[in-house]
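Chemist: what follows is a predicted protein model with its sequence.
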Amino acid sequence: MKDLIKYIAQALVDNPDKVEVSEVHGEQTSVMELRVAKEDLGKVIGKQGKTAKAMRTILSAASAKVHKRTVLEIIE
Amino acid sequence: MTKTLEIEGKTIDKAIETACHEFGVPREKLNIEIISEGTAGFFGLGSKKAKIKASLLTFDVDLGLSFDKPEKPARQRTVRKEEPRVSSPAVHDIAVKAQKLLEGILQRMSVNARVAIQETPDSILLIIEGNDNGLLIGKRGQTLDALQYLVNKAVNRQEKDRKQIIIDTEDYRRKREESLVALAEKLAQKAKRTRKAITVSNMNARERRIIHLALQGDESLTTKSRGEGSYRTIIIQPSKKK
């Protein structure tokens, strides 16, 4: 799951090597924290959060497959 | 037999006309080569005459040439100039890149699926073939749309000439379009019966477009969109009677 977000984020940014994802596991819900280079922040959020929303949608679908919930946080 | 004449005229069309007259044959029977296109100038100042080379077309000349060349020579020439021959391999590269990316995402979602490419002149169609289609489509196609949006964004990021990438599975896009058209017709009936405007929200641009197109032929109704961003709604209303 971590890999999924990292892979998508790296495809969107200018500095793929600065993409970091950490996962805080919970019993049912996990939190995924995404960190990118400062200048790439806009790219992973997108206009009116459209890109972030798309990533969350995909993450939800992937989580649903393993009967879990995952929340994506983009850390500034 | 292969007599060639150099003819000047105010414009290329004029020059071709002269050439036709000179040879006494219609345009289609002439092989015309443009030497200079000529410029109109300003009030006749600095104008340059168009110059063409014309010869009778013999039958061993390729027929395709005889059809499109004399018809509109000026346009033909510019079109040929602007059209880079690299366009189709480049499109293919984009398609392969998009396919790789999508396969990478699917694999990391632990979805076992294959991605097939279909290239059309103005878009690239990626078709997901696997068992988890329901999951990938999501509620009202939102997962499919999210995948499509991200792949478009990632792939077109570095490309100069953007290509629209459409992601589909199990013919979902076509089925959705059909159900939207059916919905549009149902709402249209209702709007006509009640003589009241009907507002439909929660649709993306593509879906609104399908509704607009489905009802544009109906004179007794008008459709429009109102609002901004995700609050944009489509309104179907009976036209005002004249």
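Modeler: Now that the structure is in, tell me what you want to look at.
Chemist: when you work out contacts or count neighbours from here on, use the C-alpha atoms and nothing else.
Modeler: OK.
Chemist: buried ones in stretch B:8-15?
Modeler: By neighbour count on 16 or more other CA atoms under 10 Å in any protein chain shown, the buried set for stretch B:8-15 is B:8-13, B:15.
Chemist: lowest-confidence one in those residues?
Modeler: pLDDT is lowest at B:I12 among the buried residues of stretch B:8-15; the value there is 74.
Chemist: sorry, back to before: so which of the buried residues of stretch B:8-15 is the closest to B:Q237?
Modeler: Using CA to CA, B:D13 is the member of these that lies nearest B:Q237, at 49.6 Å.
Chemist: who does the helix or strand hosting the closest one touch, helix- and strand-wise?
Modeler: Taking DSSP states H and E as the criterion, B:D13 maps to helix B:12-23. Identification of packing neighbours for helix B:12-23 by 3 or more CA pairs under 8 Å, 6 or more residues apart in numbering or on different chains; DSSP states H and E yields strand B:4-9, strand B:30-36, strand B:50-56.
Chemist: model confidence over the last one, on average?
Modeler: So the one you mean is strand B:50-56. Taken as a whole, strand B:50-56 carries a mean pLDDT of 80.
Chemist: can you list the strands that that strand pairs with?
Modeler: With DSSP bridges as the test, strand B:50-56 is paired with strand B:4-9 (antiparallel), strand B:30-36 (antiparallel).
Chemist: need phi/psi at B:E159.
Modeler: Here is the backbone geometry of B:E159 (degrees, to the nearest 10): phi -80, psi 150.
Chemist: how about B:K163?
Modeler: Main-chain torsions, B:K163, degrees, to the nearest 10: phi -130, psi 140.
Chemist: which pLDDT does the model give it?
Modeler: Here, the pLDDT recorded for B:K163 equals 82.
Chemist: measure it to B:L106 for me?
Modeler: 21 Å (CA to CA, to the nearest Å).
Chemist: next: B:V181.
Modeler: Distance of B:V181 to B:L106, computed by CA to CA: 31 Å.
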